[in-house]
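Chemist: got a predicted structure here, sequence first:
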Amino acid sequence: MEFFRIRKDIPFMKYALVLNAVSFITFALAVFFLFTRGLHLSVEFTGGTVMEVAYQQTADIGKVRDKVASLGYSDVVVQNFGTSRDVMIRLPVQKGVTSAQQSEQVLGALQAENPEVTLRRTEFVGPQVGEELVHGGLMALGMVVLGIVIYLAFRFEWKFGVAAVIANLHDVVIILGFFAFFQWEFSLAVLAGVLAVLGYSVNESVVIFDRIREAFRKFRKLSTHEVIDHAITSTMSRTIITHASTEAMVLSMFFFGGPSLHYFALALTIGILFGIYSSVFVAAAIAMWLGVKREDLVKAPVRKEGDPNDPNSGAVV
């Protein structure tokens, strides 16, 4: 489906060097902030106190979160657990305060507002759990990257696989750089958003790579950069429709999903915007610089020995 069609190819690759220089600077700044500021990890990674409380009626998560935040907990996680009457509260570690003292303080504040609140359980989640989560997240990221390379190498060509991985890691590092610079809370939900961006970005790259392969077959007189320009231009309508509809859904989560979905939607928003950029100006340009050509994607027909149409066969006609 196309809302419009661009008749004249846009010379994207003409500006590839400048745009990739901007991309490299952005990537370098993201790495710098990751090393100097670091990520503001949530209680799921750093450890803390986990409480489960029960209400007689449906719990108002917003009010519970505000009440706990009024005690000085800025990084608290409050969410339903099981039913709408059960609430799980994750509290970060505080120096000089034990897990029991934290739970008593929070329970007292909640019961002051609603005496029917009861404590189901409380426990301390140590930093060892956080280390396991970090290790598992890095393992998942590594498996995704490896799968992308293998898939694109089989479906297209290894140069496309390398280009797509560089572009996708570019998106991931920039998302992490934003979270490091602004010190936004990095939770498991954000990690899920980062992994979702990987799949989303590689899908855009595959669409462009597939159109490049079609253009190589169809336009035999065009140069490599002209073929890439045509492929990207021909997918512009599809790109706008896809990303606009996706971004509308993500923004609805950002504005109306509440604090639990706020940073998840924020990570997706950054990833979608930079995913478009990287698929067009990073992945395609790197594939071009790696020397992708028509012969890599369009195999010459195999002629049988003695074929009279083959000038090199030596057959007598």
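Modeler: Here it is on my side, so go on.

Chemist: CA only for contacts and neighbour counts going forward, please
Modeler: Fine.

Chemist: in the stretch 151-300 of the chain, where is pLDDT below threshold?
Modeler: Residue ranges of the stretch 151-300 of the chain with pLDDT under 70: 298-300.

Chemist: where along it do the strands fall?
Modeler: Ranges of strands within the stretch 151-300 of the chain are 185-186, based on DSSP state E, counting those that start in this stretch.

Chemist: tell me which element Ser84 falls in.
Modeler: Here Ser84 sits within strand 83-92, counting by DSSP states H and E.

Chemist: pull the contacting residues for Gly177.
Modeler: By CA atoms under 8 Å, 6 or more residues apart in numbering, the contact set of Gly177 is 29-34.

Chemist: before we move on, what about Val149?
Modeler: By CA under 8 Å, 6+ apart, the neighbours of Val149 are 158, 161-162, 164-165.

Chemist: what about those, which are in helices?
Modeler: 158, 161-162, 164-165 (DSSP state H).

Chemist: now those in CSV, with neighbour count and distance to Thr83?
Modeler: Shown next, in CSV, are those (neighbours: other CA atoms under 10 Å; distance: CA to CA, whole Å):
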residue, neighbour count, distance to Thr83
Trp158, 19, 49
Gly161, 28, 45
Val162, 21, 46
Ala164, 30, 42
Val165, 23, 41
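
Chemist: now those as TSV including distance to Arg213?
Modeler: Listed next are the ones in helices among the contacts of Val149 as TSV, based on distance: CA to CA, whole Å:
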residue	distance to Arg213
Trp158	14
Gly161	14
Val162	16
Ala164	15
Val165	19
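
Chemist: and of those, the nearest to Ser74?
Modeler: Using CA to CA, Val165 is the member of those that lies nearest Ser74, at 36.1 Å.

Chemist: residues contacting the nearest residue to Pro11 once chain neighbours are set aside?
Modeler: Spatial nearest neighbour of Pro11, chain neighbours left out: Asp229 (5.6 Å); criterion: CA to CA, 6 or more residues apart in numbering. Counting by CA under 8 Å, 6+ apart, Asp229 makes contact with 9-13.

Chemist: out of the contacts of Gly177, who's the most crowded?
Modeler: The residue in the contacts of Gly177 with the most neighbours, by other CA atoms under 10 Å, is Ala30 (23 neighbours).

Chemist: chain neighbours aside, what residue packs nearest to that one?
Modeler: For Ala30, ignoring the flanking residues on the chain, the nearest one in space by CA to CA, 6+ apart is Gly177 at 3.9 Å.

Chemist: where's the one you found relative to Thr26, distance?
Modeler: For Gly177, the distance to Thr26 equals 9 Å [CA to CA, to the nearest Å].

Chemist: sorry, back to before: closest to Ala244 out of the contacts of Val149?
Modeler: Nearest to Ala244 among the contacts of Val149, with distances taken as CA to CA, is Ala164, at 22.0 Å.

Chemist: from Lys218, how far out is that closest one?
Modeler: 23 Å.

Chemist: over to Ser187?
Modeler: From Ser187 to Lys218 the distance is 47 Å (CA to CA).

Chemist: of those two, who's got more company?
Modeler: Set side by side, Ser187 and Lys218 show more neighbours around Ser187, with 20 against 11, by other CA under 10 Å.

Chemist: tell me the contacts of that one?
Modeler: 41-45 are the contacts of Ser187 under CA under 8 Å, 6+ apart.

Chemist: so what does it look like in phi/psi?
Modeler: phi -120, psi -180 (degrees, to the nearest 10).
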